[in-house]
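Novice: return a 3D structure for these sequence lines:
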Amino acid sequence: MHIFTFLLLLSESFYPPAVEVRYFDIVHRDKVIGSLTATKTEDDNQIIYKNETFIRTRIVKEIEVNYLFEAMYINGELENAEAIIKVNDEIRESTITCREKPGYLVQLHQDEEKWIDSEAIVYSSVMLTFEEPAVNDKSFSEKDGNEHQLMAMGEHTYKKINSKGQENSYYYEGGDLKWAKLDAGIINFEIRSK
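Specialist: The predicted structure follows:
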């Protein structure tokens, strides 16, 4: 009996992590200009959220913008996060957030650092592609290391207001993100679920 229990426990540790992937079109003025791939990898008490966005458009000249946002949660609490934004393959912004109890150390581009005095961050921007923020009134930004205000607007629609006052809107059906209107600074666009 003990051997069976040991083999059962051993076999459970060999199960691959559960991976969920969602795909979105990036739309600007009713034209698809890019894509967003959102991945959620769940393994025991750890969840990794990753959003990769690729945009190619013309403003004054042709530009390519790549966004990479990643956050690791352990037991529902943010352990670390990273955000990298590239324009034409040149890093424009990068931020790394690491938990150092009783708070978080945020390292911003250009070697700036700031301390966040917080017991635990439980919801961040990268989660918006997977988790409807029904019970959350704030969202930690992997990009700037600030908390953004979340407001329920009714009918599974939410508004996120960042530290500069820019507003993004998110709409969910059955808990799944269907579309969002985003002010990304460089360009405003929509994401639409495929």
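Novice: what's near enough to touch the residue nearest to the spatial centre of the chain?
Specialist: In the chain, the centroid-proximal residue (C-alpha atoms, centre = their mean) is Val126; its distance is 1.0 Å. Counting by C-beta atoms under 8 Å, 6 or more residues apart in numbering, Val126 makes contact with Tyr49, Lys50, Asn51, Phe69, Glu70, Ala71, Ala81, Glu142. (Each C-beta comes from the backbone N, C-alpha and C, glycine too.)
Novice: how many neighbouring residues does the fifth one have?
Specialist: Put plainly, it is Glu70. 17 (other C-beta atoms under 10 Å).
Novice: and if you look at the fourth one?
Specialist: When neighbours are defined as other C-beta under 10 Å, Phe69 has 24 of them.
Novice: okay, and it sits in which element?
Specialist: Element membership for Phe69, per DSSP states H and E: strand 62-74.
Novice: name the residues of that strand that are buried.
Specialist: For strand 62-74, burial by neighbour count (16 or more other C-beta atoms under 10 Å) applies to Val65, Asn66, Tyr67, Leu68, Phe69, Glu70, Ala71, Met72, Tyr73.
Novice: so the residue nearest to the centre of the chain, which state does it fall into?
Specialist: Classification of Val126 using DSSP: H, G, I helix; E, B strand; the rest coil returns helix.
Novice: and stretch 106-120, how far out from the chain's middle?
Specialist: 17 Å (C-alpha atoms, centre = their mean, to the nearest Å).
Novice: got the buried residues for it?
Specialist: Neighbour-count burial for stretch 106-120 [16+ other C-beta under 10 Å]: Val106, Gln107, Leu108, Ile116.
Novice: tell me what the strand holding Phe69 is packed against?
Specialist: Packing partners of strand 62-74 (3 or more C-beta pairs under 8 Å, 6 or more residues apart in numbering; DSSP states H and E): strand 46-58, strand 77-87.
Novice: this protein: strands as residue ranges?
Specialist: 18-28, 31-43, 46-58, 62-74, 77-87, 90-100, 103-108, 112-116, 138-140, 147-154, 157-161, 167-173, 176-183, 188-193 (DSSP state E).
Novice: for Phe130, find the nearest of those.
Specialist: Among those, strand 31-43 comes nearest to Phe130, with 5.1 Å by C-beta to C-beta.
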